[in-house]
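Asker: coords please:
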Amino acid sequence: MTRSIETMHASQRTILDTIGHTSLLALRSICPANGARILVKLESENPTGSMKDRMALAMIEAAEMDGRLAATGSVVEYTGGSTGVSLSLVCAVKGYPLHIVTSDAFAREKLDHMTILGAKLHIVPSDSGRMTEKLTRDMIEAARVIAAEIPGSFWTDQMNNRDQLAAYHTMAAEIWDQTNGRIDGFVQSVGTAASLRGTGEALRRYNDKIRIIAVEPAESSVLSGGETGAHKIDGIGAGYIVPLWQDDIAHSIEQVSTEEAIAMAKRLAREEGLFAGTSTGANVVAALRLADTLVPGATVVTVMCDTGMKYLSRK
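Answerer: Next comes the predicted model:
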């Protein structure tokens with residue numbers, strides 16, 4: 001009888017039920033000199049290998065609940081790839097047609113993954129494969145036009161969508177439980193700012209003394225008051241102040257160059273066995289900097305945003 005009930009329960013589950021509850025792992029070789037710990041949230045364990053699975057599911061389910069997305073509707077989004085792959089997964093399981101505006105600036109693996117999951121891609125050409133403010137704005141405008149042309153479509157609009165914050169509140173709760181409340185700092189790179197904002201504000205509710213650090217590309221340090229510029233760290237650094245950003249989100253902002261991010265991503269693979277993307281490399285660079293300012297024995301948590309399998313053509 002028990003086996004029958006368990007079998008029935010398993011048959012009702014989908015791949016979406018496996019999103020979240022990812023591991024938290026301490027770095028062993030890449031460590032601060034002062035004895036502080038750096039823990040990495042392994043979001044690569046999510047179904048598409050990215051933390052964006054959390055926010056894609058949150059945005060779609062919120063829209064389903066309040067009627068913005070009808071059962072016969074379509075979904076539209078602009079994305080550098082990870083959000084698009086995650087939305088492709090969610091829409092494939094739930095049966096929604098998906099239109100993705102993306103660019104040749106992003107990893108080919110992500111574009112192929114979206115196509116395999118059934119998304120229709122609309123490609124916006126980039127400036128020599130680089131991420132720029134103009135590219136971001138061109139993609140947003142293309143998504144707006146497509147959403148207006150498709151009857152009954154729902155534009156998730158990740159740069160403005162607050163529904164995704166709840167997904168990162170959940171990630172913060174996982175981190176708090178996994179560290180038994182022993183966390184002194186949290187470091188995360190800024191794309192839409194949703195993951196930093198959602199995780200940071202929830203962690204502060206547990207303990208307002210936790211240091212929250214934002215990470216941005218040194219080549220496009222707009223959050224720090226610098227000039228917009230081109231960089232090659234996938235998924236972060238839109239080139240302008242994104243709508244979900246708030247000045248009080250972070251205690252400070254760390255600038256990490258593309259070169260530093262790539263070098264750290266390679267170190268993580270070779271020294272820790274963690275095959276991650278460049279945004280994760282940037283996170284760990286910034287986490288080491290923060291750890292150096294804290295007392296021995298302090299704990300800094302950062303995020304392995306996605307798997308390096310998404311960037312094999314760039315390695």
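Asker: Going by neighbour count, which residues of stretch 197-211 are buried?
Answerer: By 16 or more other C-beta atoms under 10 Å, the buried positions in stretch 197-211 come out as 197-204, 210-211. Quick note: C-beta positions are derived from backbone N, CA and C, even for glycine.
Asker: which of those residues lies closest to G225?
Answerer: The closest of these to G225 turns out to be R197 (C-beta to C-beta; 19.1 Å).
Asker: Now that closest one: closest residue in space, sequence neighbours ignored.
Answerer: Counting by C-beta to C-beta, 6 or more residues apart in numbering, I249 is the residue found nearest to R197 once chain neighbours are left out, at 5.1 Å.
Asker: was I right about that neighbour contacting L196?
Answerer: Yes - under the criterion of C-beta atoms under 8 Å, I249 makes contact with L196 at 6.0 Å.
Asker: Name the residue in those two with the higher neighbour count.
Answerer: Taking neighbours as other C-beta atoms under 10 Å, I249 and L196 compare with L196 leading, 27 against 20.
Asker: Tell me how far whichever strand or helix holds V76 lies from the chain's centre.
Answerer: Following DSSP states H and E, one finds V76 within strand 74-78. Distance of strand 74-78 from the chain centroid (C-alpha atoms, centre = their mean, to the nearest Å) equals 18 Å.
Asker: Alpha carbons of that strand, as PDB, please.
Answerer: Provided in PDB are the C-alpha atoms of strand 74-78 (Å, rounded to 0.1, in the frame of the first residue of the first chain):
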ATOM      1  CA  SER A  74       2.200  32.600 -25.200                       C
ATOM      2  CA  VAL A  75       5.300  33.800 -23.300                       C
ATOM      3  CA  VAL A  76       7.800  36.400 -24.500                       C
ATOM      4  CA  GLU A  77      11.200  37.400 -23.000                       C
ATOM      5  CA  TYR A  78      14.600  39.000 -23.900                       C
END
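Asker: which regions of this protein sit below the pLDDT cut-off?
Answerer: Confidence mapping of the chain against pLDDT under 70 gives the ranges 1-11, 314-315.
Asker: can you give me the helices for it?
Answerer: 2-12, 52-66, 82-94, 108-116, 133-149, 165-178, 194-206, 258-267, 278-293 (DSSP state H).
Asker: ok, the closest residue to E271 other than its chain neighbours to L294 distance?
Answerer: Spatial nearest neighbour of E271, chain neighbours left out: S29 (4.2 Å); criterion: C-beta to C-beta, 6+ apart. Distance of S29 to L294, given as C-beta to C-beta, to the nearest Å: 19 Å.
Asker: out of those two, which sits in the busier spot?
Answerer: L294 (18 against 10).
Asker: measure the more buried one to R205 for me?
Answerer: Relative to R205, L294 is positioned 21 Å away (C-beta to C-beta).
Asker: what does V40 give?
Answerer: V40 is 23 Å from R205, by C-beta to C-beta.
Asker: Wait, D163 touches M59, no?
Answerer: Yes - the criterion here is C-beta under 8 Å, and D163 meets it with M59 at 4.9 Å.
Asker: Not counting sequence-adjacent ones, nearest residue to G81?
Answerer: Here the residue nearest G81, using C-beta to C-beta, 6+ apart, is K110, at 2.9 Å.
Asker: So what's the residue count around the one you found?
Answerer: For K110, the count of nearby residues is 27 (other C-beta under 10 Å).
Asker: now the one 3 residues further on
Answerer: Residue crowding around H113 was assessed by other C-beta under 10 Å; the count is 23.
Asker: Nearest approach to A238 belongs to which of the helices of the chain?
Answerer: Of all the helices of the chain, it is helix 133-149 that lies closest to A238, at 4.7 Å by C-beta to C-beta.
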